[in-house]
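> Next come a sequence and a model predicted from it.
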Amino acid sequence: MIAPRSDNSNIEVPILIPAYQPGEALDRLIATLASSGGEPIILIDDGSGPEFASRFERLARHDRVHLLRHAINLGKGAALKTGMNFALVHFPNCAGVVTADADGQHAPEDIRRVARRLGEDAGALLLGVREFQGGVPLRSRFGNSLTRALLYLVAGQKLADTQTGLRGIPAALAAHLLRAPFTGYEFELDMLMACKYQGFPIAQIPIRTIYENGNKSSHFHPIFDSMRIYFLLLRFSVLSLLTAILDNLIFAASLGYTASIGESQFLARLVAMVFNYLGARGAVFHSRQRHAVVFPKYAVLVAANGFLSYALLELLRLRFGWPAIPAKLAAEGILFIANFAIQRDFVFTRRAAPAATDWDTYYKNVPAPAKLTRKYTASVILAQFRSRLGRDATIVEIGGANSCFLDAILAAIDCSTYHIIDTNRYGLSLLAERAGDVVHLHQQSVLSLDLDVRADAVFSVGLVEHFSPEQTRQAILAHFRLVKAGGIVLITFPTPTLLYRLTRGFLEAIGQWKFPDERPLGYAEVLAAVGERGEVVFRKTLWPLMLTQGMIVARATAAQSGYTAASA
């Protein structure tokens with residue numbers, strides 16, 4: 001029988017409202033949202049001035065309203081970042097934040113609907129999209145249509161409403177956006193681009209279209225703010241232009257010195273490659289993927305682009321008699337669009353990945369290399385158990401859904417009871433089909449165990465690295481709560497050796513890495529937690545595994561284990 005899982009999660013979704021010299025629509029919105037007694041509301045006064053102070057103070061008296069203030073008007077983007085930072089600091093378990101405008105454009109029921117959706121699944125940016133028909137003001141309809149077209153052309157994203165202020169922003173994306181340099185309305189467009197290049201999908205949710213008094217209370221200036229947004233889009237082209245200038249200057253100088261088309265092309269492309277890569281990764285696509293993941297793809301593109309450019313250059317020069325410099329400019333111009341599209345959609349775009357490992361999919365199709373490495377890991381575990389366990393041992397395996405070690409351990413160790421703990425119901429159901437009488441399955445989290453067991457040995461393989469540092473410590477200490485005095489705790493974990501980094505980098509580059517939440521751990525972090533409850537008796541790095549694993553075996557002491565005389 002599989003014991004039920006306990007879930008103590010407390011997920012909140014703060015509602016963030018930036019406001020600059022707001023009208024009465026904000027009073028009605030805050031009153032309605034606060035009366036429901038639901039999510040916390042973060043209200044940002046973006047330097048509205050002393051004449052609006054009393055309004056904000058009155059709104060702050062509502063239950064669960066947190067008022068933040070800017071001394072001067074810093075812009076909508078700055079206000080959003082102020083609110084997101086407050087939410088991440090004061091509501092650390094929040095799924096993310098929902099942003100809404102202060103001018104009455106968003107119905108309270110739509111705001112709550114987006115918040116509920118974000119609380120259920122914080123894996124995508126949620127956009128509350130309006131229908132631009134009927135009584136929509138001309139400036140809003142025109143600005144949105146133009147921005148939609150430009151965004152599709154430059155970023156390859158087809159969205160119905162690029163200027164909507166009603167958004168559900170996952171916590172992971174909000175943390176990334178805090179580093180964005182933009183502080184005005186262009187911040188919201190940059191958010192859409194960041195989603196593409198950081199691997200966050202975008203989900204669109206239809207909402208009501210509301211414009212009070214022709215949207216006169218909005219502080220969005222159609223010409224000024226739109227131009228700032230469109231200048232933001234030009235950074236793609238500016239980097240390409242600068243790269244082309246640098247490339248051609250070096251080509252011309254080298255050609256005059258060496259008189260060799262091939263050598264000049266190689267030197268110019270090498271220098272331009274480094275310049276363009278650093279600019280594209282940092283200033284254009286805001287990619288924070290590791291160089292080991294991005295650069296191999298970029299290098300392949302540069303090599304292919306250089307070969308095609310050289311072929312076109314020679315064709316124009318030899319077949320049509322063009323001079324070298326005009327031929328090179330023409331070749332580069334022909335390849336510009338293709339080069340940009342490939343960088344946009346392949347090189348600097350992170351594949352959308354779940355926030356956690358999809359264990360159901362993993363258990364359905366375990367990679368062949370994993371089956372081989374498990375045999376080696378099992379042999380090392382068995383060597384420790386044989387030398388340290390007596391007869392009729394009680395063993396607990398944490399994180400062992402569909403355990404690959406169960407059969408080998410039961411065949412080699414005299415075991416009276418074998419407990420397996422995991423949160424994954426599918427994996428446990430697979431294991432239940434082959435579990436014998438001595439095996440007991442428990443669907444629980446290592447972070448909230450409710451199990452009265454004092455085992456001779458507690459172990460986990462590939463578990464503690466899937467948590468934050470503090471949760472990793474809690475997971476390690478949980479092993480000792482289940483072991484008796486003198487019993488052993490065995491923990492394996494990936495450790496960041498050069499071999500591990502190279503292997504993982506290669507798997508990520510080819511799209512075969514299956515553990516997005518895996519965090520390789522240094523020995524110091526694991527030993528610090530283990531030292532709180534036990535004494536280390538064995539330590540080893542499993543080098544035959546390409547993704548190198550550390551192994552620590554510790555003996556629990558009477559004063560430190562979960563065992564007491566009263567419970568004996």
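All right, it came through fine.

> Look at the residue of the chain positioned farthest from its centre and give its secondary structure.
For the chain, the residue at maximal distance from the C-alpha centroid (Cα atoms, centre = their mean) is Gly321, at 52.3 Å. Gly321 falls in the coil class when you classify it by DSSP: H, G, I helix; E, B strand; the rest coil.

> Could you measure from it over to Lys375?
Remark: distance between Gly321 and Lys375 (Cβ to Cβ, to the nearest Å) = 67 Å. (C-beta placed from N, C-alpha, C; glycine too.)

> do the same with Asp392
Counting by Cβ to Cβ, the gap from Asp392 to Lys375 is 27 Å.

> Same check on Ala272?
Distance of Ala272 to Lys375, given as Cβ to Cβ: 49 Å.

> Name the residue in the two with the higher neighbour count.
Set Ala272 next to Lys375 and count neighbours by other Cβ atoms under 10 Å: Ala272 wins out with 22 against 10.

> tell me, how many neighbours does Tyr20 end up with?
Tyr20: 20 neighbours (other Cβ under 10 Å).

> Which residue is the nearest non-sequential neighbour of it?
Setting aside the residues directly before and after it, Tyr20 is nearest to Asp46 in space (Cβ to Cβ, 6 or more residues apart in numbering), at 4.4 Å.

> Report the beta-bridge partners for the one you found.
Asp46 has the following beta-bridge partners by DSSP bridges: His70.

> and it, what is it in contact with?
Listed by Cβ atoms under 8 Å, 6 or more residues apart in numbering, the contact set of Asp46 reads 18-20, 70, 73-76, 78-79.

> Secondary structure, distance to Ile334 and pLDDT added to those, as a markdown table?
Shown next, in a markdown table, are the contacts of Asp46 (DSSP: H, G, I helix; E, B strand; the rest coil; distance: Cβ to Cβ, whole Å; pLDDT from 0 to 100):
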| residue | secondary structure | distance to Ile334 | pLDDT |
| --- | --- | --- | --- |
| Pro18 | strand | 45 | 96 |
| Ala19 | strand | 50 | 95 |
| Tyr20 | coil | 47 | 94 |
| His70 | strand | 49 | 96 |
| Asn73 | coil | 47 | 93 |
| Leu74 | coil | 44 | 93 |
| Gly75 | coil | 40 | 90 |
| Lys76 | helix | 41 | 91 |
| Ala78 | helix | 42 | 93 |
| Ala79 | helix | 45 | 95 |
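
> Can you list the helices and strands that the host helix or strand of His479 packs against?
Assessed by DSSP states H and E, His479 sits inside helix 469-481. For helix 469-481, the helices and strands in contact under the criterion 3 or more Cβ pairs under 8 Å, 6 or more residues apart in numbering; DSSP states H and E are strand 393-398, strand 455-461, strand 483-494, helix 523-530.

> what secondary structure does the nearest residue to Ile205 once chain neighbours are set aside sit in?
Spatial nearest neighbour of Ile205, excluding adjacent residues (Cβ to Cβ, 6+ apart): Gly128 at 5.4 Å. Secondary structure, three-state DSSP: Gly128 is strand.
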